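1. What follows is a predicted protein model with its sequence.
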Amino acid sequence: MNEIARTPTPPYYAVIFTSERTDGDNGYAEMADEMVSLASSQPGFLGIEMARAGIGVTVSYWESLEAISDWKQNERHLIAQRRGMSEWYLRYKTRICKVERDYGFEKDGHVPKE
């Protein structure tokens, strides 16, 4: 997922997950890929953006607070959360925000990936 999420007209919600990792992979990449795939199939999921350079930042977009809550309680996601605390993260912070306004720019002729 190396692209800007194509979100609907606001309002919608963003979950910002910022983390500092432990050394080594220890199954992290495989689980991260699984979580993106699983989240993408959840009702209310709108998109995701990720970046890592020292700290990792993942922003997922959701249509409602209920959709975010349902994702947080997903059985497989709960397993990933527990492994994150025991194996993969030195620290993390989750922030939930309501997006009330967004805007952007696309160069003429640029065709975004769908």
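-> Nice, thanks for sending it over.
2. got the contact list for the residue nearest the centre of the chain?
-> Nearest to the mean C-alpha position of the chain, by CA atoms, centre = their mean, lies Ser60 at 3.4 Å. Going by CB atoms under 8 Å, 6 or more residues apart in numbering, Ser60 touches 14-15, 17, 39, 45, 47-48, 71. No exception for glycine: its C-beta is placed from N, CA and C like everyone else's.
3. Which strand or helix spans Val57?
-> strand 55-62 (DSSP states H and E).
4. so how far is Thr9 from Ser37?
-> In this view, Ser37 and Thr9 are 26 Å apart by CB to CB, to the nearest Å.
5. hmm, I was thinking of Arg82
-> 36 Å.
6. With Asn74 instead?
-> Separation of Asn74 from Thr9 (CB to CB): 27 Å.
7. more crowded one of those two?
-> Asn74 (15 against 7; other CB atoms under 10 Å).
8. Which parts of this protein are strands?
-> 12-21, 45-53, 55-62, 89-99 (DSSP state E).
9. so of these, which one's packed in deepest?
-> Highest mean neighbour count of the strands of the chain: strand 55-62, a mean of 19 (counted as mean count of other CB atoms under 10 Å).
10. Parallel or antiparallel, which strands does that strand pair with?
-> Using DSSP bridges, the strands paired with strand 55-62 are strand 12-21 (antiparallel), strand 45-53 (antiparallel).
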